[in-house]
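Asks: this one's structure only:
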């Protein structure tokens, strides 16, 4: 039985974001009724087999009085509504948040427009490409092909043409964050008894994927010096295929160099940390490894990575990933018998809970398959009058939904700390525990805002003793070490549970909790390589990291927080905690779900590579006289008439001709109609300076201890009633040790510091 087994959801979602959100909740046990137009899903995609799995189906014509009445009745008996229309569309139908929460005061109404109703672009059609154009996704990648040359060039200007990517990251992030927001509202409702509206626009969600790329200090100049290491890089192999190795940790670099008989490079300092800032040494390493990797096949190198226990993988296509042993011998990929496609392989669950495991209960339904069943059950619900219709004050209980929750965050790098940060934004008291021997906390000011910080050496008796005292006072523990590490330290789930039976314990890693790669170290780059993301973006000839290099990390962080709230919902009724797991490879499946599905008739023909400009003439990048724009339009739009399509002329060349004759401002204005939208390509610096983004808390500049003013992204505002905040600026790592110790009645800070159990900044 899933954590949401008593939750009833009406899903009006179309295209990707809404249906994907409904799927994530259905996978955790919710009853999800998918409402589609009379002709079936708006988006004719094979991925509907993934996005609509586990749901019931009914087709309604919302312009018909009878069907509109059915929609209202369904909402009146629902716990949650999901919709991703433009702001105002559901209001005009009489199905908007204000009207429906009056009818059903316990309703949680989730909206996922392209742009917020507080954004001047709210009326713009929120096509995926439009949102990505507004958030600096479509970048040139020619720069990345000669990495040695790139080491020496100025990045303050961009060289080359922008590249289209077919990964629907904006919708994926909106779905992950909306799932977290919806379940948080459900959890809060258990206390207040009142529903509320939740809004996560695709644009706002995409800024969460930007993350550290938007983090900078005044005067906010663009990054001008590339920072990457030759040990975090793709290399072409003997068979022409590519691998990505991440051996930036000295022991990994040394193990690799010794294995290929290049110990001389260790003596030259090429295995040390900080190589990314040493241009000449880095160039030497890249040139040397370029030759080394051409001596074996990609498959052989991947085998060596596993043998040496260092992060690295082949750069596969998504089709190849589905046949990889880690996919076939785990539940990262599952086979579903779809009524339209037959046996289909698709991504497994995003989040797993040990005590209340979710499951895929059924394949995606055929259109209108459950109409009679849905209407019969609706009548029974109405006759039972299960929902109290009294009017309530929707302004009650405006506290943070996770206020009072105590969290220990043991995580490193990005995914785990993002989980802890998300819980802090929702009001939890999060203590960040870092290992003082790591020599700094990467991305600290982005991922550790809103937390208190302490540096504890868990390998010392004194440090471990302090940790256990903190455990006694905690509700949730989050860690993202690879499988086996926490067991060695004795702080794994079973060990913690033995001391604190009702604890919620979260484990996040790269490759999941099953399969031959369960214990393999991994990072974002490796997961992108293995699951097909690098190949889809860069092409088979030169796989490249997706433009925002850490989307799986950030996405897994939100998924982990989603899992925590699911576990809190269960704990509220049972008093029991449980183990929650997720992984970067799971998130890669969710974010690639538009493509990551295989069946007998599947054609792997999505746009890929450096010359990709779009999915079709109606969804494409076009160059104007003074820059580039993205056009998003339906095939029934007036675009052919606007551009003056001549008889016998192909659409794309006609639009290209038309755009080149105009400047961006005029082209965007003329191409934006009722069924089409256009948006200029916007850089990070452009959207970071938008007053609307700053006013809504999506871009925040404030003082940080020790460094002065710093700009980061913020969560914005999700709820109509509950609070969410960016929290305090990240404190200096370790600076809260004294206050944290006093809360568990420890007054021996000096002794702990003297014994190296705790380190002060």
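Replies: Perfect, I can see it now. Being a predicted model, the structure only gives us computed values, none of them experimental. Numbers count the residues shown, from 1 in each chain.
Asks: tell me the mean pLDDT for stretch 22-38?
Replies: Averaged over stretch 22-38, pLDDT sits at 99.
Asks: mind listing what's buried in that stretch?
Replies: 22-36 (16 or more other CB atoms under 10 Å). Where you see a C-beta, it was placed from the backbone N, CA and C, and this is true even at glycine.
Asks: repeat for stretch 591-601
Replies: For stretch 591-601, by 16+ other CB under 10 Å, it's 591, 592, 593, 594, 595, 596, 597, 598, 599.
Asks: also stretch 507-525?
Replies: In terms of neighbour count (16+ other CB under 10 Å), stretch 507-525 has its buried residues at 507-515, 517-518, 520-525.
Asks: list the contacts of whichever strand or helix holds residue 377.
Replies: Element membership for residue 377 (DSSP states H and E) is helix 371-384. Contacting residues not belonging to helix 371-384 are listed as 33, 56, 57, 58, 59, 70, 73, 74, 76, 77 [CB atoms under 8 Å, 6 or more residues apart in numbering].
Asks: check which helices and strands whichever helix or strand residue 254 is part of is in contact with.
Replies: Residue 254 is located in helix 250-259, with elements delineated by DSSP H and E. Packing partners of helix 250-259 (3 or more CB pairs under 8 Å, 6 or more residues apart in numbering; DSSP states H and E): helix 264-267, helix 298-308.
Asks: adjacent strands (with direction) for the helix or strand following the helix holding residue 377?
Replies: Downstream of helix 371-384, the next assigned helix or strand under DSSP H and E is strand 406-409. With DSSP bridges as the test, strand 406-409 is paired with strand 429-434 (parallel), strand 476-479 (parallel).
Asks: please tell me how far residue 166 sits from residue 15.
Replies: Between residue 166 and residue 15 the distance is 14 Å, computed by CB to CB, to the nearest Å.
Asks: cool, and residue 422?
Replies: Distance of residue 422 to residue 15, computed by CB to CB: 25 Å.
Asks: residue 321 too?
Replies: As judged by CB to CB, residue 321 and residue 15 stand 24 Å apart.
Asks: among the strands paired with strand 406-409, which comes closest to residue 759?
Replies: Nearest to residue 759, of all the strands paired with strand 406-409, is strand 429-434, at 9.2 Å by CB to CB.
Asks: what's the span of stretch 474-493, first residue to last?
Replies: Stretch 474-493 stretches 14 Å from its first residue to its last (CA to CA, to the nearest Å).
Asks: so how far is that stretch off the chain centroid?
Replies: 23 Å (CA atoms, centre = their mean, to the nearest Å).
Asks: so for it, mean pLDDT?
Replies: Taken as a whole, stretch 474-493 carries a mean pLDDT of 94.
Asks: which positions in it come out as buried?
Replies: Buried-residue list, stretch 474-493, by 16+ other CB under 10 Å: 474-483, 486, 491-493.
Asks: now do stretch 628-640
Replies: For stretch 628-640, the neighbour count (16+ other CB under 10 Å) marks 628, 629, 630, 631, 632, 633, 637, 639, 640 as buried.
Asks: on that earlier part again, between the helix holding residue 254 and helix 298-308, how big is the angle?
Replies: 120 degrees (axes from the mean of the first three to the mean of the last three CA atoms, to 10 degrees).
Asks: lowest-confidence helix or strand of the protein?
Replies: Lowest on mean pLDDT, DSSP states H and E among the helices and strands of the chain sits helix 147-151, with a mean of 46.
Asks: helix/strand/coil for the residue nearest to residue 286 when sequence neighbours are not counted?
Replies: Nearest residue to residue 286, sequence neighbours excluded (CB to CB, 6 or more residues apart in numbering): residue 230, at 4.0 Å. The local conformation at residue 230, judged by DSSP: H, G, I helix; E, B strand; the rest coil, is coil.
Asks: wait, residue 230 touches residue 275, no?
Replies: Yes: contact criterion CB atoms under 8 Å: residue 230 and residue 275 qualify, at 6.9 Å.
Asks: give me the common contacts of these two.
Replies: Common neighbours of residue 230 and residue 275, using CB under 8 Å, 6+ apart, are 282, 285.
Asks: and the strands in the stretch 1-150 of the chain?
Replies: 8-11, 31-36, 55-59, 80-83, 108-111 (DSSP state E, counting those that start in this stretch).
Asks: what's the first one in contact with?
Replies: Meaning strand 8-11. With CB under 8 Å, 6+ apart, strand 8-11 has contacts from 18-19, 21-22, 25-26, 30-35, 55, 71, 74-75, 77-82.
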